[in-house]
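Undergrad: 3D, please:
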Amino acid sequence: MELDPDDIFRDEDDDPDNDFYEEPDLQMDFPTSDFLTFHRISRPDSGFDLGFFICQHWQEDDKDETHFHIALSCISQSLKTQIINRSYDEVAICFFNTREKKNLQDLNGIYVFNVADRDDIDRPTARLIKEFDLVEESFTKEIGSKYGIVSGSRENSLYNAIWVAQALLRKGSAKTADKRILLFTNEDDPFGSFKGASKIDMTKTTLQRAEDARGLGISIELLPLGRPEEEFNVSLFYAGLIGLEGDELAQFIPSAGQKLEDMKDQLRKRMFTKRIVRKINFSIANGLSIELDSYALIRPTVPVLFFELGNDFFSSEWYLSCPIDSMQTERSFFCADTGAVLQESTKRVQIYKNKTVKLSVDELSEIKRVAPGNLCLLGFKLLSCLKDYHNLRPSTFLFPSDEDIIGSTRLFIALHRSMLRLERFAVAFYGSTSRPQLVALVAQEEVIKGGGQVEPPGLHMIYLPYSDDIRDIEELHSDSNVAAPSANEEQIKKAAALMKRIDLKEFSVCQFANPALQRHYAVLQALALEEDEIPEIKDETVPDEEGMSRPGVVKSLEEFKLAVYGENYDEENDHEKASEASKKRKATAELAAKEAANYDWGELADNGKLKDLTVAELKYYLTAHNLPVAGKKEALISRILTHMGK
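TA: Next up is the predicted model:
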């Protein structure tokens, strides 16, 4: 088999660099909400989670939106987004203080909600979501409720609910999983009707049950629902249940309210478990190297197809993963001259000076290995030398590891601190097997806000272009003798003032959702759940008309317009000119459509007679179908054939 010289140094399909694009490194905590407990297990190696919901029911006089309705809405929304966000999560739903009981332990006042052909804790399905959306209508008839934990009875439904949740969450190891319970309630003192020793006993046993659950690696979170006239007093009982102390008590209620809002307004977006993409050996000097772990950062998200199979809501990954495991691949080679199947193993050859040079697989691999795949330090430069346009693609985050090379973290810290102090970035050579590159290593300082880490310390590896990869911007003008327009100092000053007025404070790309992707997920949800209407999607990328109408912004806009166009600027006249140009384009399109109707374009394309037409005639078709008309005759013909599907 003769080798293609251009193919020797072509990137392989399994190029390890592609890992940085295939595995986004995004992670979002699962939101919480009221009168519900949600237990979740997160496995960093597989992204597999378990969740458990416990929901309390009570009667209310407010018919507009009861606490029970709010909790059910939050749970339903969480289940819908969880299928897309973290497709391998598993959840369970449980009501307590109920008339009926349904649980494996046969405990009173506990009803585990589920559907047929599904374990009590399992991945959410379309059938589960559809039947759960109807539970509010049939709750009183099928499940029923009690009025809390009453004195004189030894039944403790809250204790039983934690017990049931703990039993269901035995699935998975605490070392490789994140288990959480989200508790929704509007009752700040579940044992308020008890007095004396009985209340102390009930409180003590329930807190001990919660402590036992935390000892098994299960965290408990509370989402309280309070009434406008009454503030939820978390210190009466639940502070001890969830382990709140000191300043956490004062900050709890506002943060819980924000969690509830987040749960009701979750974004549909695919989440990936944080993991190390690759280990890199960073060579600093002769015989001195450190070990680094690389992490992929935010990557563009592409729509994922989902299929409704039976009553379940599956992603394309689930659908395809079933048959692929049992599939076998076969590879055959055919003779280019005779078409016969080659039985013997092929030989890779290269013709050189009329001689046939045989190459083995190992020799080819060695030829293609233009670099060892390590990171090699070349030197340092000022941060001011690094420009925005040098960034070719999303960067990779690097963090030290002492797993194989002891002392890597200590050396990394010294290098990191020096780069920050001297305001330098490192230039390094990063060689993959087939794609050597120059990279810039930029130190990121640790950022801590509100007692938590916002940005970790480490290095950003930015992929740099070579000199021939940068193209100068070419400015084209209709008249080469006319100088390009430039702004004066007054115009620049007014433009800067306008930009300052409309500048978004603490802007982040994560603040705005992709409306096309959100609509894609909304359509999939409507199809899977057989909904009559597609959920309304709020487009956050449209202009903020209310913000742009603020007096300060309007004033800056007027001053900028005055500085650019002057006092005698006639806006209506400009609109009239634009309208005249639009009318002219419309007339041209109508004329082209009329002329194009005189030709049988299908027959001309089939018989290869398009080349016999003039450029003007070909432009009739292109203009009539709103296609570009620029280019040579061959390009126009190709564009027409492509549009016709020939």
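
Undergrad: ok, now how distant is residue 284 from residue 598?
TA: Distance of residue 284 to residue 598, given as CB to CB, to the nearest Å: 74 Å. Placement of C-beta: from N, CA and C, glycine included.

Undergrad: again with residue 545
TA: 48 Å.

Undergrad: try residue 153
TA: Counting by CB to CB - residue 153 and residue 598 are separated by 92 Å.

Undergrad: more crowded one of the two?
TA: residue 153 (14 against 8; other CB atoms under 10 Å).

Undergrad: can you confirm the more buried one is in a helix?
TA: No - counting by DSSP: H, G, I helix; E, B strand; the rest coil, residue 153 is not part of a helix but coil.

Undergrad: which residue is the nearest non-sequential neighbour of residue 465?
TA: residue 392 (5.5 Å; CB to CB, 6 or more residues apart in numbering).

Undergrad: part of a helix, is that neighbour?
TA: No - counting by three-state DSSP, residue 392 is not found in a helix; it is coil.

Undergrad: touching, it and residue 461? I think so.
TA: No - applying CB atoms under 8 Å as the test, residue 392 and residue 461 come out as separate, 11.6 Å apart.

Undergrad: the more surrounded of these two?
TA: residue 461 (24 against 14).

Undergrad: please name the bridge partners of the nearest residue to the more buried one once chain neighbours are set aside.
TA: Ranked by CB to CB, 6+ apart and with sequence neighbours excluded, the top spatial neighbour of residue 461 is residue 396, at 4.4 Å. With DSSP bridges as the criterion, residue 396 is bridged to residue 296, residue 461.

Undergrad: strands of the stretch 451-600 of the chain, start to end?
TA: 452-455, 458-464 (DSSP state E, counting those that start in this stretch).

Undergrad: pull the contacting residues for residue 461.
TA: 294, 375, 395, 396, 397, 398, 428, 430, 439, 440, 441 (CB atoms under 8 Å, 6 or more residues apart in numbering).

Undergrad: now tabulate those in JSON lines and tack on neighbour count and distance to residue 555.
TA: Shown next, in JSON lines, are those (neighbours: other CB atoms under 10 Å; distance: CB to CB, whole Å):
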{"residue": "294", "neighbour count": "19", "distance to residue 555": "49"}
{"residue": "375", "neighbour count": "24", "distance to residue 555": "53"}
{"residue": "395", "neighbour count": "20", "distance to residue 555": "40"}
{"residue": "396", "neighbour count": "24", "distance to residue 555": "45"}
{"residue": "397", "neighbour count": "18", "distance to residue 555": "43"}
{"residue": "398", "neighbour count": "22", "distance to residue 555": "47"}
{"residue": "428", "neighbour count": "23", "distance to residue 555": "50"}
{"residue": "430", "neighbour count": "22", "distance to residue 555": "51"}
{"residue": "439", "neighbour count": "23", "distance to residue 555": "46"}
{"residue": "440", "neighbour count": "21", "distance to residue 555": "42"}
{"residue": "441", "neighbour count": "25", "distance to residue 555": "45"}
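
Undergrad: in strands, which of the residues you listed appear?
TA: 294, 375, 396, 397, 398, 428, 430, 439, 440, 441 (DSSP state E).

Undergrad: OK, contacts around the fifth one?
TA: The contact partners of residue 398, taken as CB under 8 Å, 6+ apart, are 280, 282, 292, 293, 294, 295, 441, 458, 459, 460, 461.

Undergrad: pLDDT weak spots in the stretch 401-550 of the chain?
TA: 432-434, 468, 470-484 (pLDDT under 70).

Undergrad: okay, now the domains of the protein?
TA: Using automatic domain parsing, the domain parsing of the chain gives 57-264, 274-307+345-471, 489-568, 575-644.

Undergrad: please identify the deepest-packed of these.
TA: domain 57-264 (a mean of 18; mean count of other CB atoms under 10 Å).

Undergrad: surely residue 615 meets residue 631?
TA: No - with contact defined as CB under 8 Å, residue 615 and residue 631 do not form a contacting pair (9.6 Å).

Undergrad: which residues are in contact with both of those two?
TA: If you check residue 615 and residue 631 against CB under 8 Å, 6+ apart, no residue is contacted by both.

Undergrad: tell me where the stretch 251-400 of the chain has helices.
TA: 316-324, 361-368 (DSSP state H, counting those that start in this stretch).

Undergrad: do me a favour and average the pLDDT over the shortest one.
TA: In this model, helix 361-368 carries a mean pLDDT of 78.

Undergrad: which other helices and strands does that helix contact?
TA: helix 5-8 (3 or more CB pairs under 8 Å, 6 or more residues apart in numbering; DSSP states H and E).

Undergrad: pLDDT of the helix it packs on, averaged?
TA: On average, helix 5-8 scores 41.

Undergrad: was I right to think residue 453 contacts residue 446?
TA: Yes - using CB under 8 Å, residue 453 makes contact with residue 446 at a distance of 6.7 Å.

Undergrad: rewinding a little: point out the one among the domains of the chain that comes closest to residue 336.
TA: Each of these has some distance to residue 336 by CB to CB; the shortest is domain 274-307+345-471, at 11.5 Å.

Undergrad: can you give me how far the closest one is from the chain middle?
TA: Between the centre of domain 274-307+345-471 and the centre of its chain there are 23 Å (CA atoms, centre = their mean, to the nearest Å).

Undergrad: the strands of the stretch 451-600 of the chain: which one's closest to residue 109?
TA: Nearest to residue 109, of these and by CB to CB, is strand 452-455 at 37.5 Å.

Undergrad: what lines up beside that closest one in the sheet?
TA: In its sheet, and by DSSP bridges, strand 452-455 pairs with strand 447-449 (antiparallel).

Undergrad: now what about the strand it pairs with, what contacts it?
TA: Here strand 447-449 has contacts from 453, 454, 455, using CB under 8 Å, 6+ apart.

Undergrad: now with 6 Å, please.
TA: 454, 455 (CB atoms under 6 Å, 6 or more residues apart in numbering).

Undergrad: residue 425 against residue 444, yeah?
TA: No - with contact defined as CB atoms under 6 Å, residue 425 does not reach residue 444; the gap is 11.0 Å.

Undergrad: and the nearest residue to residue 393 once chain neighbours are set aside, how far from residue 438?
TA: In this structure, residue 393 finds its nearest non-sequential neighbour in residue 463, 5.7 Å apart by CB to CB, 6+ apart. Distance of residue 463 to residue 438, computed by CB to CB: 8 Å.
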